[in-house]
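Novice: Turn this into a model:
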Amino acid sequence: MQAEHRIRSRLVRSRTALCNEVRGLLGEFGIVVQVGVQQLRKALPVIDAQDDHGLTPHFLTLLRELAEELRQVDDRIKVHDKRIQAAAREDHRIRRLLEIEGIGPISASALVAAVGDAKQFASGRDMAAWLGLVPSQHSSGGKQRLGGISKRGDTYLRTLLIHGARAALNVCGNKEDARSKWAHGLATRRNRNIATVALANKNARIAWAVLSKEEDYRGAAR
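Specialist: Below is the predicted model:
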């Protein structure tokens, strides 16, 4: 399973690099496409269909080849996603993690593949620190100064948890449980990025408790 995730991670990085290259090439012609794979997927057919974009026939040929390359990478990632999701249905640890808002089959499978039962960590904070989801310390003279997250550990796994937390945060405003109110309130007081990372940190700690104690997630108190 770790090999499955490593290959998927490489493909995701390749897709990101490919998208950046395409946006950069289009930018040379004064065509700006918003950041994001989905935005580029939507923009490419529109650009190809236009007659007044100022692109040469030779560049259009190259652009179509790049669009086909993007489709091929997307298809390969989907194959890995399907295999990971199928494995998730057979693992009781992954099924438990799926009950946590903001953790899906990919991130749950990656967590279990990376940490197993998580008993090598003494606490949830230790696992969150291993993932690079705790603030870096800049303290001296008895004064505590906290910076941004340390970003240590597995970048792929940390990114999955942050993406999942962002998706969970998007629907927090419509929920009345204590966890959702806390996340929504933090996003209102500070900003969405801080709230997203804080929620990812909380999810990592909950995941540690679920895995190490072999218990089902009981959900947030109302």
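Novice: and the next element down the chain from the helix or strand of the chain with the lowest mean pLDDT?
Specialist: In the chain, the helix or strand scored least confidently by mean pLDDT, DSSP states H and E is strand 146-149, which has a mean of 47. As assigned by DSSP states H and E, the chain's next helix or strand after strand 146-149 is helix 155-170.
Novice: can you pull the buried residues of the next helix or strand after that following helix?
Specialist: Next helix or strand after helix 155-170 toward the C-terminus (DSSP H and E): helix 178-189. By 16 or more other Cβ atoms under 10 Å, the buried positions in helix 178-189 come out as 179-180, 182-184, 186-187. No exception for glycine: its C-beta is placed from N, CA and C like everyone else's.
Novice: list the helices and strands helix 178-189 packs on?
Specialist: helix 155-170, helix 192-212 (3 or more Cβ pairs under 8 Å, 6 or more residues apart in numbering; DSSP states H and E).
Novice: nearest to residue 99, of these?
Specialist: Closest to residue 99 of those, according to Cβ to Cβ: helix 192-212, at 8.0 Å.
Novice: what's the angle between that closest one and helix 155-170?
Specialist: 110 degrees (axes from the mean of the first three to the mean of the last three Cα atoms, to 10 degrees).
Novice: name the helices or strands packed onto helix 192-212?
Specialist: Using 3+ Cβ pairs under 8 Å, 6+ apart, helix 192-212 sits against helix 92-97, helix 105-115, helix 124-130, helix 155-170, helix 178-189.
Novice: what do you get if the cut-off is 6 Å, keeping everything else the same?
Specialist: Judged by 3 or more Cβ pairs under 6 Å, 6 or more residues apart in numbering; DSSP states H and E, helix 192-212 is in contact with helix 124-130, helix 155-170, helix 178-189.
Novice: okay, the angle between the last one and helix 155-170?
Specialist: Angle of helix 178-189 versus helix 155-170, following the same axes, to 10 degrees, is 90 degrees.
Novice: quick check, distance from helix 178-189 to the centre of its chain.
Specialist: Its chain's C-alpha centre and that of helix 178-189 lie 20 Å apart, by Cα atoms, centre = their mean, to the nearest Å.
Novice: C-alpha coordinates for it, PDB please?
Specialist: Output in PDB follows, covering the C-alpha atoms of helix 178-189 (Å, rounded to 0.1, in the frame of the first residue of the first chain):
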ATOM      1  CA  ALA A 178     -19.200  21.800  18.600                       C
ATOM      2  CA  ARG A 179     -16.300  20.800  16.300                       C
ATOM      3  CA  SER A 180     -17.800  22.600  13.300                       C
ATOM      4  CA  LYS A 181     -18.600  25.700  15.400                       C
ATOM      5  CA  TRP A 182     -15.000  25.800  16.700                       C
ATOM      6  CA  ALA A 183     -13.600  25.500  13.100                       C
ATOM      7  CA  HIS A 184     -16.000  28.100  11.700                       C
ATOM      8  CA  GLY A 185     -15.300  30.500  14.600                       C
ATOM      9  CA  LEU A 186     -11.500  30.100  14.100                       C
ATOM     10  CA  ALA A 187     -11.800  30.800  10.400                       C
ATOM     11  CA  THR A 188     -13.900  33.900  11.200                       C
ATOM     12  CA  ARG A 189     -11.500  35.300  13.900                       C
END
